[in-house]
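Participant: below: sequence and its predicted model.
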Amino acid sequence: MKFKNLTHKILRPRPSAFISQQLDRFLGQIKPRPFFTDYIINAYNTNAKKRISKNSLTLSVLTDTHAKAVASASYYGLNGARHIVEANKACDDLPIDLNVNLGDMIDGSDKPEISRGLLEFAVENYQNSKHSFYVLEGNHDENDKYDEHRFISSASFNRDDYYQLVTKKVFDQPEISRLNSVSKIGWFDKGSVRVIFLNTSDIPYILNGNTKKYDFKKVRGVREQQLEDLITVLEKTVDKRVVVFGHANLISPSGRSALNFNGDLVQKVFTSFNNKESGLLKNELTGDFGVNLHYDFNDTGISQISNYICGHMHYEKYYKVGGINHIILNCSALMGKKHGLTTDYNKKWDRRYNEVSELAGYFIDIDPDKMLLQIFGYGSATRYVSFEI
């Protein structure tokens, strides 16, 4: 037993005293600013409240917060974690059903002990808020950006780090449904509305020596087991209005896969579900991303998947493929106009620290009575757009 405990400590060392102090100093700076919480509450009350009915499902949504242990006034930094704290604080006083983060909660470029601390801090804030929450895994959340930049010879996150810090705590909530203890598909119901959460960073953790076979930051995909679970959930979805959320965009406007693996197969599942079809879902791959599955959506009543909503691209865009609206939301993280990686979309917003343009967030309302999905943006986000469900 002593040998096992020692091995555990070697694999997952405790942060040094210096790093612990550094982390505490960073986290101590993350406090909500009353101006921003008041602004978010006012955005809901003036823009969203009058359009929302009692039977609808309402979400507070952030994506791509890219929290990083830097006090940056023009780019990624502690502002991302602060946006989570401020949105959750504001929503404690609002009739929200679920707080959602669509992934890339951290930038993944800090020392692993600090990145773990930022993830833990953010999840604890979601846990301490008054509403249930769902956090999706983004391609930055496995800390591979740190591995890339440091050219280190071993993976900085262990296999289950993200699961233990984030996913397990999401699924510990009784309000969040899950097929089984290993499924990566989750869902949340309210009346005749169902929201399903899909993991687009479903990449196997395989080591070649000490380095990962796949770079989570660069590779996005959905594996057979998750597709099988998605099919199972949808086969049992009867007379529901369904909206699916993920981190990364699944397909391009032309219908080609936007994931490295199987985005087009997810789209095929969506359209087959809407058409009440049965058949075979298959690709030409073998190994890690091969797929060969049967589906039968004949007994799902009037259920329809109307919209897929994601982040990842750091801009806003809407397009329709095969009857499904694909909706991309802007990043919450501050992107100053003079930074090389800042998208043209965010340059046009001219985002500035301590001004409302610093953040970007959304209230998303799914109304089964009006048959409408409404998106109310604030900060560097479109104020209103709606889609049929």
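Facilitator: Right, received. Where do you want to start? Residues are numbered from 1 along each chain as shown.

Participant: and the contacts of stretch 16-28?
Facilitator: Contacts to stretch 16-28, defined as C-beta atoms under 8 Å, 6 or more residues apart in numbering, come from residues 15, 69, 78, 81, 111, 113, 114, 117, 118, 121. All C-beta spots, glycine's among them, are computed from the backbone N, C-alpha and C.

Participant: go with 6 Å
Facilitator: 69, 113, 114, 117, 121 (C-beta atoms under 6 Å, 6 or more residues apart in numbering).

Participant: closest one to residue 53 out of those, please.
Facilitator: Within these, proximity to residue 53 (C-beta to C-beta) peaks at residue 121, which comes in at 35.3 Å.

Participant: distance-wise, check the nearest residue to that closest one once chain neighbours are set aside relative to residue 276.
Facilitator: Distances taken as C-beta to C-beta, 6 or more residues apart in numbering put residue 27 closest to residue 121, at 5.3 Å, once the chain neighbours are dropped. For residue 27, the distance to residue 276 (C-beta to C-beta, to the nearest Å) stands at 50 Å.

Participant: all helices of this protein, in order?
Facilitator: 2-11, 17-28, 34-43, 78-91, 112-128, 144-150, 161-162, 168-171, 224-235, 263-274, 344-349 (DSSP state H).

Participant: so which of these is the most surrounded?
Facilitator: helix 78-91 (a mean of 25; mean count of other C-beta atoms under 10 Å).

Participant: elements contacting it?
Facilitator: Here helix 78-91 touches helix 34-43, strand 57-62, helix 112-128, going by 3 or more C-beta pairs under 6 Å, 6 or more residues apart in numbering; DSSP states H and E.

Participant: okay, now the sheet partners of the second one, with direction.
Facilitator: Pointing back at strand 57-62 there. strand 98-101 (parallel), strand 360-367 (antiparallel) (DSSP bridges).

Participant: that one vs helix 34-43, what angle?
Facilitator: Interaxial angle, strand 57-62 versus helix 34-43 (axes from the mean of the first three to the mean of the last three C-alpha atoms, to 10 degrees): 150 degrees.

Participant: next up, the contacts around the nearest residue to residue 175 once chain neighbours are set aside.
Facilitator: Nearest residue to residue 175 in three dimensions, chain neighbours excluded: residue 132, at 4.3 Å (C-beta to C-beta, 6+ apart). Counting by C-beta under 6 Å, 6+ apart, residue 132 makes contact with 98, 173, 175.

Participant: which among these end up buried?
Facilitator: 98, 173 (16 or more other C-beta atoms under 10 Å).

Participant: pLDDT below threshold where in the stretch 151-300 of the chain?
Facilitator: 151-153 (pLDDT under 70).

Participant: how many residues are close by residue 172?
Facilitator: 9 (other C-beta atoms under 10 Å).

Participant: how about residue 157?
Facilitator: 22.

Participant: and what of residue 389?
Facilitator: By other C-beta under 10 Å, neighbour count at residue 389 equals 20.

Participant: now swap in residue 360 and tell me
Facilitator: Neighbours around residue 360, by other C-beta under 10 Å: 30.

Participant: same check, this time on residue 242
Facilitator: Number of residues near residue 242 (other C-beta under 10 Å) recorded here: 25.

Participant: that one bridge partners, please.
Facilitator: Beta-bridge partners recorded for residue 242 (DSSP bridges): residue 194, residue 305.

Participant: hang on, isn't it packed against residue 308?
Facilitator: No. Using C-beta atoms under 6 Å as the test, residue 242 is too far from residue 308 to be in contact (10.0 Å).

Participant: what about stretch 58-69, start to end distance?
Facilitator: 31 Å (C-alpha to C-alpha, to the nearest Å).

Participant: who touches that stretch?
Facilitator: 26, 76-77, 80-81, 83-84, 87, 91, 96-102, 104-107, 110, 114, 118, 311, 329, 331-333, 361-362, 364-365.

Participant: what are the boundaries of the strands in the stretch 151-300 of the chain?
Facilitator: Counting by DSSP state E, counting those that start in this stretch, the segments of the stretch 151-300 of the chain that form strands are 177-178, 186-190, 193-197, 207-208, 211-212, 241-245, 278-282, 292-296.

Participant: out of those strands, which is closest to residue 376?
Facilitator: Nearest of these (C-beta to C-beta): strand 241-245, 15.2 Å.

Participant: how about the closest one as PDB, C-alpha atoms only?
Facilitator: The C-alpha coordinates for strand 241-245 follow below in PDB (Å, rounded to 0.1, in the frame of the first residue of the first chain):
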ATOM      1  CA  ARG A 241     -37.600  20.000 -29.400                       C
ATOM      2  CA  VAL A 242     -33.900  19.300 -29.400                       C
ATOM      3  CA  VAL A 243     -30.900  21.700 -29.500                       C
ATOM      4  CA  VAL A 244     -27.400  20.300 -29.400                       C
ATOM      5  CA  PHE A 245     -24.300  22.100 -28.000                       C
END
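
Participant: tell me how far residue 109 lies from residue 38.
Facilitator: 32 Å.

Participant: which residue is nearest the middle of this structure?
Facilitator: residue 102 (1.8 Å; C-alpha atoms, centre = their mean).

Participant: got the phi and psi for the residue lying closest to that one once chain neighbours are set aside?
Facilitator: Ranked by C-beta to C-beta, 6+ apart and with sequence neighbours excluded, the top spatial neighbour of residue 102 is residue 63, at 3.6 Å. Torsion angles at residue 63 (phi, psi; degrees, to the nearest 10) stand at phi -150, psi 150.
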